[in-house]
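Chemist: Give the three-dimensional model of this entry:
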Amino acid sequence: DLNSTPNSNFYTLYSRLGVDVAGPKLGTAKTSAKVEVDFRGTGTSYSVIRLRHAYLNLDWGKSALLLGQNWHPLFGDVSPQILNLSVGAPFQPFSRAPQIRYRYTNKNFQLTGAAVWQSQYTSQGPEGKTHKYLKQSCIPEFYVGADYKNGGLLAGVGIELLSLKPRTESIVNTDKYKVDERITTLSYEAHVKYTNKDWFIAAKSVLGSNLTQASGLGGFGIKSVNEQTGEQEYTPIRFSSSWFNVVYGQKWKPGIFVGYAKNLGTSDALYAPDGTDAQVYGTGTNLDQLVTAGAELTYNVPHWKFGLEYTLSSAWYGSLNASNGKIRDTHAVCNNRIVAVAMFMF
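Modeler: I've put the predicted structure just below:
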């Protein structure tokens, strides 16, 4: 196994700095804004400034309108408390994205609707990861969700729609054709969280179709090809992903995290004529299932956090079955990860 080589590093890239501003009233709305950066952008020094959040918010009390870049609605208000800076991905959707988000709150219930675009976190496709497929689509990603809040309990569900145009032209032999291709998918999520003075208990489950823009597993594949023009039709790769997280305490806080993801295959058979390999685009497209279990211990005092975390992950890889998009003939590969963290917060 060429990947079975230990490696280690010391990172300061996740240092971050932000500004929260409370603005004057705009009519009856309270106004606020936020800008936050870290140093996780790509570059030759690996310490390039990256925009995390940049948004303004108008709050009328029961309703609020957010404009700008913030956490993706699928990330939402329920995410695990772990030291790993993946924050639970790929089990937990992870993305910050430009969006228009409206929320309505009435007593214990909250409704959320959002139109979302892509910037740093983008979809996989024929040209790799790029926001081009959504840009060509001219239709933003949509999310609708409902939450119930009562004391320390929060529970909710959501549905997401994504419509992409993978290509606008094709080449057959030496002829170039304009094509009208689109893949539209629906994904679903449910989440729950309970918090009190000592306990943090949370879980989330996602039935995802082509959620690579949210750091998810899966993608899509070609299900048919027009032999004359090269125009293609697509089918999504569906993944079920779930996680569970428990943290206890105030100063000394032990915690556990468990995640499981399963490849459910494609909605339709993949295009693989005469025994050729099917063409798929995505992340973990040769992965059948993934299991992660981790334990951590943190020491917390005002402005400071020190912690140690161990995580074991097992991934089952195999070959693609074109008839249903599932993975067969699998073998497991394990990975061990130890993280130590020191944080000063102000």
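Chemist: Test my guess that N263 contacts K326.
Modeler: Yes. Because the distance of 6.3 Å satisfies Cβ atoms under 8 Å, N263 is recorded as touching K326. In short, each C-beta sits where N, CA and C put it, glycine included.
Chemist: which neighbours do the two share?
Modeler: D288 (Cβ atoms under 8 Å, 6 or more residues apart in numbering).
Chemist: Pick out whichever of the two has more residues nearby.
Modeler: The neighbour comparison of N263 against K326 (other Cβ atoms under 10 Å) goes to N263, with 25 against 16.
Chemist: Can I get the helix or strand containing the more buried one in PDB, CA atoms only?
Modeler: If you go by DSSP states H and E, N263 is part of strand 252-266. Output of strand 252-266 as PDB, limited to C-alpha atoms (Å, rounded to 0.1, in the frame of the first residue of the first chain):
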ATOM      1  CA  TRP A 252     -12.500  19.000  31.500                       C
ATOM      2  CA  LYS A 253     -14.600  17.800  28.600                       C
ATOM      3  CA  PRO A 254     -14.300  14.200  27.300                       C
ATOM      4  CA  GLY A 255     -16.200  13.500  24.000                       C
ATOM      5  CA  ILE A 256     -16.900  10.800  21.400                       C
ATOM      6  CA  PHE A 257     -17.700  11.000  17.700                       C
ATOM      7  CA  VAL A 258     -19.000   8.300  15.400                       C
ATOM      8  CA  GLY A 259     -19.800   8.600  11.700                       C
ATOM      9  CA  TYR A 260     -21.000   6.200   9.000                       C
ATOM     10  CA  ALA A 261     -21.500   6.700   5.300                       C
ATOM     11  CA  LYS A 262     -22.800   4.200   2.800                       C
ATOM     12  CA  ASN A 263     -22.900   4.300  -1.000                       C
ATOM     13  CA  LEU A 264     -26.400   3.600  -2.200                       C
ATOM     14  CA  GLY A 265     -25.600   3.500  -5.900                       C
ATOM     15  CA  THR A 266     -27.100   5.400  -8.800                       C
END
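Chemist: which neighbours does that strand have in its sheet, and in what orientation?
Modeler: Partners of strand 252-266 in the sheet, by DSSP bridges, are strand 232-248 (antiparallel), strand 287-301 (antiparallel).
Chemist: Out of those strands, flag the one nearest V35.
Modeler: Of all the strands paired with strand 252-266, it is strand 287-301 that lies closest to V35, at 26.9 Å by Cβ to Cβ.
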